[in-house]
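Colleague: A structural model of the following input is requested.
(4 chains)
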2 protein chains.
Amino acid sequence: MSKSNNVYKDAYNRCLRLLDETRSLPSEPELGTLLGVSRTTVRTILARMEETGLIAWNKRAKTVLRETRPDDFFPEEETDTLAEIIERSFMRRLLAGGAEAGMQINELELAREIGVGTTSVREFLIRFSRFGLIEKRRNSHWVLKGFTRAFALELTEIREMFELRSAAAFAVLPQDSAVWTDLDRLEDEHRQLANDIATRFTEFSELDERFHRLIHRASRNRFIVDFYDVIAMIFHYHYQWNKAQERERNEVAIGEHLVYIEALKSRDLGKVDAACRKHLKSARQTLLTSIPESRSLQKS
Amino acid sequence: MSKSNNVYKDAYNRCLRLLDETRSLPSEPELGTLLGVSRTTVRTILARMEETGLIAWNKRAKTVLRETRPDDFFPEEETDTLAEIIERSFMRRLLAGGAEAGMQINELELAREIGVGTTSVREFLIRFSRFGLIEKRRNSHWVLKGFTRAFALELTEIREMFELRSAAAFAVLPQDSAVWTDLDRLEDEHRQLANDIATRFTEFSELDERFHRLIHRASRNRFIVDFYDVIAMIFHYHYQWNKAQERERNEVAIGEHLVYIEALKSRDLGKVDAACRKHLKSARQTLLTSIPESRSLQKS
DNA sequence: ATATTGTCTTTTATCGTGAAAAAACAGTTT
DNA sequence: AAACTGTTTTTTCACGATAAAAGACAATAT
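Modeller: Prediction:
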């Protein structure tokens, strides 16, 4: 098995959802841009849809014949990329405890355990190394640096530096810049989420990421923008394993965001600085309390 | 051919230099740590040295029999790692002009041109991507973002942020910290280089890197320390292709470094900040003037 | 007892290969 | 002639295989 066809399967599933809304499908190139895949993949999708009797396909005519059924869909787990699979396995091991700092990481063992080739694992580790959690020994193994208190502090130090600067840059953006409408929309979403907080509090993490990315983008600096990937990754997994007081934490954060948004809209740099500092401080606190003390004792 | 034995060849060459200084070689493990390779490689080296009549090898006794000759050495180009070879080729193409922003990068073509497998090229590109000069399109090609004026400005913005903070952290380090003796040694080297500037000005870039890395390390933040890799890479190639007024530039930089060092030693934060700012400003200027105007017009 | 050597095992680095997916080209349809 | 479909070529992604290099273990020497 040399390459899974998850791109096709994922696009197929998304195409099925499209099917419920129309009588007939658009042209192949159009479908391609819509699904974010090449025409080759689009044609594979159409071929199967014809085969399973979902559509009649004759050149330009792609008529919908019947409604989609649950069993038309490919199983979710078959639509993941290899990189996602490896990342999940790796993070599970990392966070499942027993992952002490200084521990060696074995490519071959990881590959066998996950059931993939070594090349994919190697490439994953290289990509992952920029998060600062692992380090390569030349011609030899990787070393786990550990998800320690030190790591969290170093990460947040940079985050605060970058976000304060980005927020200041945001506040002085010209009034006709598109970011202000983006900000308004985000503000709306925050208010809606605040209203339904009891039932929808888990949706916050996604909103949080979009909000902070918008601000970081105002820096117009690729290194700052890219660094948010590190933060997003850490917070993503952090949210997954630390569910304590999730609802309360998110409620507080939404409130802080709204103050922060007001400050940005006021374009008062002093207010922006204060609101940003306040929110970042509590974000750091949340992250720090979630790190088990056992983890913080390791490593110098 | 699956893996070149450049580790062995490089260690062999370094071991030859060792040979000129002693009557007999130390134990295998000791040699291993000395050369930074495993005992397996050490034994391969010893075996060849015995074969070519350089030493008599009987268990612990490794007696030097004759002086080394130039033809004992492996050719320099055989001691490079694949990663180095690929990086050089890639950077040559990048800087040789004709590398416009937005251009596609083709793994297969690169691999064929350099004469290596695609895997190595892929891994190189992934590692290289953190420098912010290229970007990956999912399931598709890489895109060159170009060595533009914008890139240089974004890079130096972060550099200044990080170095000012590191320098401030440096200045308040306790008097008994080892960094102060490191700093004294670097100061010496700067003075010596200043004296022989006419003949040794090309040695500055290496000293420059060591000096700035020492300062960055004071931040005790892995993201700051790691970011210096980006700066070092850019300046490394920058020095190679911009030889205009090299001597003068380096002479000025040495002077600035010495003021900077004095400021650090005074532990006066105001002085440190001023000296650091001044030096970084001229470093940025040097970098900016070396970017051809044609390059700066591209990209938004 | 500890460090060193001899031998064997495991892991890393790299390649060639093949299927999935993208991209290019050529012929059709509106 | 502009956009679409049919066909072919190229590139990316992922694997297994293999030599280089590292690492582990047992036997030996100081």
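Colleague: pLDDT of the helix or strand hosting residue A:163, averaged?
Modeller: Taking DSSP states H and E as the criterion, residue A:163 maps to helix A:149-171. The average pLDDT within helix A:149-171 is 97.
Colleague: Just after that helix, pick out the following helix or strand.
Modeller: Past helix A:149-171, the next helix or strand by DSSP H and E is helix A:179-195.
Colleague: now that following helix: how far from the chain's centre is it?
Modeller: 19 Å (C-alpha atoms, centre = their mean, to the nearest Å).
Colleague: and for that helix, what are the contacting residues?
Modeller: Defining contact as C-beta atoms under 8 Å, 6 or more residues apart in numbering or on different chains, one finds that helix A:179-195 is touched by A:170, A:173, A:200-201, A:203-204, A:207, A:210-211, A:214, A:217-218, A:251, A:254-255, A:257-258, A:261, A:264-265. Using the backbone N, CA and C atoms, a C-beta is placed for each residue, glycine as well.
Colleague: what's downstream of it, the next helix or strand?
Modeller: The helix or strand immediately downstream of helix A:179-195 is helix A:197-200, counting by DSSP H and E.
Colleague: Give the buried residues for that following helix.
Modeller: residue A:197 (16 or more other C-beta atoms under 10 Å in any protein chain shown).
Colleague: send the alpha carbons of it over as CSV?
Modeller: Output in CSV follows, covering the C-alpha atoms of helix A:197-200 (Å, rounded to 0.1, in the frame of the first residue of the first chain):
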residue,chain,number,x,y,z
ILE,A,197,-22.7,29.3,26.9
ALA,A,198,-24.4,26.5,28.8
THR,A,199,-24.7,24.2,25.8
ARG,A,200,-22.1,25.5,23.4
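Colleague: So what's the model's average confidence on the following helix or strand past that helix?
Modeller: Downstream of helix A:197-200, the first helix or strand assigned by DSSP H and E is helix A:204-217. For helix A:204-217, mean pLDDT is 97.
Colleague: next one: stretch A:37-57
Modeller: Averaged across stretch A:37-57, the pLDDT comes to 98.
Colleague: buried ones in stretch A:63-75?
Modeller: Going by neighbour count (16+ other C-beta under 10 Å), the buried part of stretch A:63-75 is A:64, A:68, A:72-74.
Colleague: Just the endpoints, please. Distance across it?
Modeller: Separation of the first and last residues of stretch A:63-75 by C-alpha to C-alpha, to the nearest Å is 25 Å.
Colleague: Also stretch A:33-44?
Modeller: 15 Å.
Colleague: what does stretch A:132-145 give?
Modeller: 8 Å.
Colleague: quick one: contacts for the residue of chain A found nearest DNA strand D?
Modeller: Across chain A, no residue is closer to DNA strand D than residue A:117, which sits at 2.7 Å (C-beta to the nearest atom of the strand). Contacts were defined as C-beta under 8 Å, 6+ apart; by that measure residue A:117 touches residue A:111.
Colleague: quick revisit: reformat the buried residues of stretch A:63-75 as JSON lines; add pLDDT.
Modeller: Shown next, in JSON lines, are these (pLDDT from 0 to 100):
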{"residue": "A:64", "pLDDT": "97"}
{"residue": "A:68", "pLDDT": "96"}
{"residue": "A:72", "pLDDT": "98"}
{"residue": "A:73", "pLDDT": "98"}
{"residue": "A:74", "pLDDT": "98"}
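Colleague: Now the two most distant members of those.
Modeller: A:64 and A:74 (19.0 Å; C-beta to C-beta).
Colleague: one step back: out of the buried residues of stretch A:63-75, which are inside helices?
Modeller: Cross-referencing the buried residues of stretch A:63-75 against helices under DSSP state H gives no overlap.
Colleague: Among the residues you listed, which one lies nearest to DNA strand C?
Modeller: Minimum distance to DNA strand C across the buried residues of stretch A:63-75 is 11.1 Å, recorded for residue A:74 (C-beta to the nearest atom of the strand).
Colleague: can I assume that closest one is in contact with residue A:11?
Modeller: No - Residue A:74 is beyond contact range of residue A:11, at 10.0 Å (criterion: C-beta atoms under 8 Å).
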